[in-house]
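Asker: no sequence on this one, just coordinates:
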């Protein structure tokens, strides 16, 4: 009987402490510390990437509807060939560890797997439209976000705070509003020949995209952006050429070429090439999860373009979805993810591909006490004197390699 009032009192004190902590944090909230120019740049760059994806979607839609051209591997080949022409050539011109021969000698098989993952991720999501509906693709494609967060936690040791999960959940609510608007406007396009296979292809594509993006974030933050793009361009060109020759020989031969078709192919290739070139820059400033959250608005941009180009029906839920996704994106990026604590620092690599080994300074080495014994000539007054001394040592950190 006597313990119950004490438990109630303890519970009340605990609730009061929580409320007081919340009020202190609320009073310390400063909008200027959250809505910074860095956040504005991240938002602008992310929406720029979404606009490039919109350009690839619109050009592909024109090729499919107006000219009956459905060649996803040929379109992917154009992108990888442009990457190979520019960034792989830059790797040939380098010397030392950044040279392409040194990179291939050390980790060629890793980039081969990465190129295969990237090519098949693009192919699987395009192939899924032949078996399932647009609504299923839009919903299941969001599976890339939780997979990305899990892989980032396991591989990159990224630690997320509760506000980051709130931001992700808000973005997914925005996607739900977008899908609801599609259903209300009757835009549930796509095939229903084999929904189970189509949904499986979407989930496979989302998983492969997550693996590719985590590897990309690791490479651009620890090695070099040019190395990543050059290697993906090299192996992506080889893999897409083989797959195109096997799977799309008939479709490519049946294309009726004209200046409009050539212009649409050029527009698709340019948008995809710019997307691949700029995404590592945005990813280095933020994270793979942040980039993929910003890309959720790409479907909305495509819908807005389709209202004028393909006579899609407008719904106010599209605007609501856009606002909700942007709020979730800002919430996610307002609080930076804590940096993982590592025992040794990795080597810093600049975007130009030079591999610089950073030397640890004296300030980075903790002071240690070393006991020094000094003998006095008088044996009767022989004492032991201990005095602190700074133990400094020069060493070079070892860079992380894929």
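Answerer: Perfect, I can see it now. What you see is a predicted model, and the numbers here were worked out from it, not measured in a lab. Numbering: from 1, shown residues only.
Asker: the helices in the stretch 51-200 of the chain, which residues?
Answerer: Using DSSP state H, counting those that start in this stretch, the helices assigned to the stretch 51-200 of the chain run over residues 72-83, 89-92, 100-128, 134-140, 144-155, 162-184, 195-222.
Asker: Give me the residues contacting the first one.
Answerer: By CB atoms under 8 Å, 6 or more residues apart in numbering, the list of residues contacting helix 72-83 from outside reads 60, 119, 122-123, 126-127, 229-230, 232-233, 236-237, 240-241, 243-244, 247-248, 251-252, 265, 268-269, 272-273, 276-277. In this view, the C-beta of every residue, glycine as well, is placed from N, C-alpha and C.
Asker: Verify the stated contact: residue 49 with residue 279.
Answerer: Yes - between residue 49 and residue 279 there is a contact under CB atoms under 8 Å: 6.1 Å.
Asker: anything in contact with each of these two?
Answerer: residue 291.
Asker: And stretch 105-117, what's buried?
Answerer: Across stretch 105-117, burial judged by 16 or more other CB atoms under 10 Å covers 107, 111, 112, 114, 115, 116, 117.
Asker: again, but for stretch 56-76
Answerer: Applying 16+ other CB under 10 Å to stretch 56-76 flags 56-63, 69-76 as buried.
Asker: now, among those, which is nearest to residue 197?
Answerer: Closest approach between these and residue 197, by CB to CB: residue 72, at 16.7 Å.
Asker: measure that closest one to residue 299 for me?
Answerer: Using CB to CB, to the nearest Å, we find residue 72 at a distance of 18 Å from residue 299.
Asker: Name the helix or strand for residue 312, please.
Answerer: Using DSSP states H and E, residue 312 sits in no helix or strand.
Asker: is it true that it touches residue 300?
Answerer: No - assessed by CB under 8 Å, residue 312 is found out of contact with residue 300, at 11.5 Å.
Asker: Can you name the helix or strand that the residue nearest to residue 46 when sequence neighbours are not counted falls in?
Answerer: Using CB to CB, 6 or more residues apart in numbering and skipping residues adjacent in sequence, the residue nearest residue 46 is residue 294, 2.7 Å away. In the assignment (DSSP H and E), residue 294 maps to helix 288-294.
Asker: Now that helix: buried residues?
Answerer: Judged by neighbour count using 16+ other CB under 10 Å, the buried positions of helix 288-294 are 288, 289, 290, 291, 292, 293, 294.
Asker: From the chain's centroid, how far away is that helix?
Answerer: Remark: helix 288-294 is offset 5 Å from the chain centroid, using CA atoms, centre = their mean, to the nearest Å.
Asker: Who are the packing partners of it?
Answerer: Judged by 3 or more CB pairs under 8 Å, 6 or more residues apart in numbering; DSSP states H and E, helix 288-294 is in contact with helix 37-66, helix 144-155, helix 162-184, helix 195-222, helix 259-285, helix 316-334.
Asker: residues contacting residue 271?
Answerer: 52, 53, 55, 56, 59.
Asker: hang on, I meant residue 142
Answerer: Residue 142 makes contacts with 172, 175, 206, 296, as judged by CB under 8 Å, 6+ apart.
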